[in-house]
Every structure is written in structure tokens, then in C-alpha cells.
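Visitor: Here is a sequence with its predicted model. Questions after.
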Amino acid sequence: MTTRVEALRRQGLACAAAGQWLPAVDRWEALLALLPGDVQGSIELSKAFSRLGRYRAAREQALSVPYDAPMRTELRLEWALGLRYFGDVDALLQALSGVQGDLSAEQCVQAADMLASVDAHAQAHRFAEAAVAKDPSFAPAFYMRGRVHVFHGRMKEAAEDFETCIGLAPDAAPAHWSLSGLAKVSDAHHHVERLSAAVARAQPGSENEAQLAYALHSELHELGRHDQAWDALQRGCRVMRSRVRFDAPATARTFAAIHALCTKEFIDDAVSAPAGGPEPLFIVGLFRSGTTLLEQILAGHSQVTAGGESQDFASSLNWTLDRRTIVPDEEQVHRAATADFGALATEYRRLSRRHARTTSWWTEKLPSNFLYLGYIAKALPHTRFINLVRDPRDTAFSNLRTLFSHVVGYAYDQAELAAYMRGYEELMAHWRRVLPDRLLNVRYADLVRDPETEVRRIAQFLGLEFEPSMLKIERGGGAVNTASSVKVRQGILGPRAPDWLPYEQYLQLLFEALEAP
């Protein structure tokens, strides 16, 4: 039998290397029939199922592996990456528990990156520290530790780590980009020449070029050199738009399909669920609209736990529909029409249980959850929603000058950005009609101009008493893993001149498109 098992193992790996996923499934299933519980077989079969779009089967195989099963370090990291793919944070934490001593510096950085991406910042910090200790000459270790410092508000330590990374690897674009958001630049102290030289050396069209261009824009903007800053921003946007997949017409069709499916009747035919116990509060809006600020305000209340930007609902929906999508599409809406929303609610409760503590509410602050409000409302009939509304010009320009992940593909072209924002506004108007008692609009301008009045209104919406501690967001204590992690540490900043004002002449296409009927 040993000879047969090893032959199947070699064949399975060869099929996977060639991208032949159906034959790979056959080999790994045959191997597991002969050797039930084989760790490599389960992990490789999970990978093959994923490639074939069989989401549930893939996750089942990944979760079948015992957390304490002995395995090669490389295989454990591959398994952990799969658990991250399925959005199972508890499983990921257990898979990586107690293994940092066995990892190289590079592997510790990989683990820290996975953990930071699911807001497990304390664990990420331990792996980042281990990476630095294992190899003080490994530049990515300092970059990773610097990122974790930023999430925890330790900006001085973060800047030092990013500088160390750059000293070890002068063209480390992620470190330059991260540092540009921290540095207090002035005519006497800036990195413009260093960044300009790094941009010139970057491979044209690469992500490194984009990161360096965005970093250069940020510093030139702070120095008031706006024409040069605009040129740098345009360079970064062009590179990113050439690298991301974004289909504007398909996105518009998806918005329309969500609107058509999620009628009041569809939502009101809700899952039966008992009231009482902690409930999620979904904070939605567009990116850069003030959602991080609101979450930090709410986290100051004794009955609210900050949950951050989790993917728990999207992951639960993927499981329910047996199909993984990074962003919603028409096929997802088609499947949702006949989905088992009771199963969706159960799976969401399972994935999000780490947030459900003894408080009345926990926040789910992923802005793009606005696309799922109909599904969320149907599956979780006691939850509520707050939508942050900011001046469209402020939001649009902030999106344009923020380097997002590849998921936010609409943010690198003025016309596409405006069209997406109009789609958001139309969908939110629909949600206000079908969820009138469960959705509260909060205007960012009101929140920063008269915080106490607005926060009292929000507390009343949630059935909570106002607590003065809600207004002291600079109190610290929690990690913030968003593009606003630096500014939110400064407290509630009052109204100020918009960042887009010096660039108004370059933004006419964007602003006119935002105003188009």
C-alpha cells in the first residue's frame, strides 16, 4: 500500500503543478481512501477543490486537519493561508499557535501578515518580533513590525522600523509608502529626493512604481507642491488601473440586480431569531467616508465592542452560496435569491463569535458591506446599520489619493470612481426605503462639527445612554487596521479646508460626473 500511496502523492502534486485540477482531485481522494487523515492529502485536496470553485468542499477538507497534526513548516503555512482564504479566523489562530519557534524570519513575516490581515494584531506582533530577532538583516521583518506598530498607534516606533527597512533595502517600496503617511514633512525635512530617485529606478508598470508614486504624492502634498504632487498621483493611478481588474458595466449590472432582488418583501421574509444577546452593528459607507472615526467613537461606550473590518459576513455568504467572490457579482445575486438564510445566519454567528462578548453591540466596520445590507437584514433581523455620508468631493478625492488593495478597482480612474459612487448613492437610497427603522444616516460634517449632539443621536438609535468617553477617541487601547489608522489617533478633528481644493482644476471630470443625473 505504501508504494501505491506514494505514487498517488507524486501524481497529485504533478497534476496540481500542471493546473490539472480534476485529475488532482481524483488522485488525492484515492490517496485519502487508502490513508484517511493524511495531512498533505487533505490540504492538497482542499486546494484542488478551491481551484474548481467548490468552496464548501474545499473548506471542509481544510478544517478536517487537526490543529496539532505534525507537518512540515511549509505545509503548515500553506494550510494557514487556506484557512485565511476561507475567513475562519479562529481556525487560523489555532493553526499558527505555538509554531513561531519553528519558522524562519521570512516565514514569521508570512504568518504575521496573515494574522494582521484578520486583525489579530497581538499575535501578528509576536511573529514580527520573532522575525526581527531571527534575522536582523532581513528588511521585510522591520517593515512588518512597523505595520503592526502603526495599527497599535505606535507611530514613532513604526517610523523607525520603516527607516531601518529602507536602510537595508533602499528600494523597499512598501516601507517608503507606509513612511509617507507618518512623516511630519517640512521644507527642512522630507524625503522627496530619495523618493524621486526610487521612482526613477522602479520597473515601469510595477506595483513598486505605484507605491513609490503614491508616497511621493503624499509628501509633495504636505509640502504644498501641488502641481508636482498631482503628477505623482496621476502616475500612481495609471499604474494601478493597468494592474487591476475592474469591469464598470458589470458592476452597474450587479448594483441593479441587488436593487431588484432585495425588495421590502424579500427582506421582511426574515429568518426567525430570538432577540437578546450581543448583536452586530454594521457601519457602512464608501471608503474614506469616516467609518473608522465612527467606530472609534462607538468603541468608547461600555456596551460596544470594536470588531474592525472583518470579512465574516462575506465569508459566511460564500459558504452559503458555495461560491467565493471577492466582490459581489450577478451570479452571486442569482444564487442569493434561493439561499438558505437560516444557514447563513448560523454560519455568520459561528465566524463572528470572537466579537460577541458581554456588550450589547459589536461593530462590523467594513464599508463595502453596504452591498450586502439586504442579505444581512434578512439573515439577522435584530441588527442595525449606520451609513456614513461625507461630501462626495471629499470622499472621491480621498479615494483617488489612497492606494487600496486590488479589490477597490474603481478608485484609480475619475470616471469609474464617480460612477461607482453614484451607484452607491442609489443603492443607499433603496436601503433607506426598505429599512427605514434599522438604518441611520450620519453626516460626517455634522459628526465633526458638533460631535456630542450627533453621538447622542447615534446612542439613542442603538438604545444606549450617551457616555462622555465616546468623544475621547484619542484614548487609544485598540488596534486600527485601516487607511485612517494614523489620523484617527489625533482625536475628532473639526472642519478644515478640503484636501482637493488645490487640485480643483484637475478634478473637473470627477466633480462633473458626480453631479450628473
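Guide: Structure's in. What do you need?
Visitor: what about the residue sitting nearest the centre point of the chain, distance to residue 110?
Guide: The centroid of the chain falls nearest to residue 309 when counting by C-alpha atoms, centre = their mean (6.0 Å). Per C-beta to C-beta, to the nearest Å, residue 309 is found 21 Å from residue 110. Glycine gets a C-beta too; all of them are placed from N, C-alpha and C.
Visitor: circling back: from memory the residue nearest to the centre of the chain sits against residue 116, does it?
Guide: No - Residue 309 is beyond contact range of residue 116, at 11.9 Å (criterion: C-beta atoms under 8 Å).
Visitor: What backbone torsions are found at residue 88?
Guide: phi -90, psi 90 (degrees, to the nearest 10).
Visitor: Actually, residue 363.
Guide: Main-chain dihedrals, residue 363, degrees, to the nearest 10: phi -90, psi 140.
Visitor: same deal with residue 443?
Guide: Note on residue 443: its backbone torsions stand at phi -90, psi 130 [degrees, to the nearest 10].
Visitor: What ranges does the stretch 251-400 of the chain have for its strands?
Guide: 279-284, 304-305, 361-364, 384-389 (DSSP state E, counting those that start in this stretch).
Visitor: closest one to residue 341 among those strands?
Guide: Checking the strands of the stretch 251-400 of the chain against residue 341 by C-beta to C-beta gives strand 279-284 as the closest, at 15.2 Å.
Visitor: Can you tell me the strand partners of the closest one and which way each runs?
Guide: Strand 279-284 pairs in its sheet with strand 361-364 (parallel), strand 384-389 (parallel), by DSSP bridges.
Visitor: average pLDDT for the shortest one?
Guide: Same thing as strand 361-364. Averaged over strand 361-364, pLDDT sits at 94.
Visitor: The longest one now?
Guide: Strand 384-389 shows a mean pLDDT of 97.
Visitor: now swap in stretch 240-249 and tell me
Guide: pLDDT averaged over stretch 240-249 gives 94.
Visitor: Report the backbone C-alpha coordinates of it in CSV.
Guide: C-alpha atoms of stretch 240-249 as CSV (Å, rounded to 0.1, in the frame of the first residue of the first chain):
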residue,chain,number,x,y,z
MET,A,240,-2.7,50.8,-10.6
ARG,A,241,-5.5,51.0,-13.1
SER,A,242,-3.4,49.0,-15.5
ARG,A,243,-2.9,46.3,-12.9
VAL,A,244,-6.4,45.8,-11.5
ARG,A,245,-9.4,44.1,-13.0
PHE,A,246,-12.5,46.3,-12.9
ASP,A,247,-15.5,46.0,-15.1
ALA,A,248,-17.6,49.1,-14.7
PRO,A,249,-20.6,47.9,-16.8
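Visitor: Buried ones in stretch 147-163, by neighbour count?
Guide: 147-155, 158-163 (16 or more other C-beta atoms under 10 Å).
Visitor: Kindly report the same for stretch 299-309.
Guide: 299-301, 303-309.
Visitor: ditto for stretch 436-453
Guide: For stretch 436-453, burial by neighbour count (16+ other C-beta under 10 Å) applies to 438-440, 442, 444, 447-448, 451.
Visitor: Which ones among the residues you listed lie within strands?
Guide: 439-440, 442 (DSSP state E).
Visitor: Among these, which one sits closest to residue 44?
Guide: residue 439 (44.8 Å).
Visitor: which non-adjacent residue is nearest the closest one?
Guide: residue 385 (4.6 Å; C-beta to C-beta, 6 or more residues apart in numbering).
Visitor: Check the burial of that neighbour by counting its neighbours.
Guide: For residue 385, the count of nearby residues is 23 (other C-beta atoms under 10 Å).
Visitor: Then the one 3 residues further on?
Guide: Using other C-beta under 10 Å as the criterion, residue 388 is surrounded by 25 other residues.
Visitor: burial count for the closest residue to it other than its chain neighbours?
Guide: Counting by C-beta to C-beta, 6+ apart, residue 285 is the residue found nearest to residue 388 once chain neighbours are left out, at 3.7 Å. Residue 285 has 25 neighbouring residues, counting by other C-beta under 10 Å.
Visitor: how about residue 285, what does it touch?
Guide: Each residue near residue 285 by C-beta atoms under 8 Å, 6 or more residues apart in numbering is listed here: 291, 367, 370, 387-390.
Visitor: ok so, going back, columns distance to residue 515 on top of the strands of the stretch 251-400 of the chain, output as TSV?
Guide: What follows is these, written out as TSV (distance: least, C-beta to C-beta, whole Å):
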stretch	distance to residue 515
strand 279-284	23
strand 304-305	37
strand 361-364	32
strand 384-389	16
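Visitor: so which of the ones you listed comes closest to residue 140?
Guide: strand 361-364 (30.8 Å).
Visitor: I'd assumed residue 224 was in contact with residue 190.
Guide: No - here residue 190 lies out of contact with residue 224, judged by C-beta under 8 Å, at a distance of 11.3 Å.
Visitor: Which one's more surrounded, these two?
Guide: residue 190 (18 against 9).
Visitor: Need the nearest residue in space to the more buried one, chain neighbours excluded.
Guide: Excluding the flanking residues, the one nearest residue 190 by C-beta to C-beta, 6+ apart is residue 219, at 5.4 Å.
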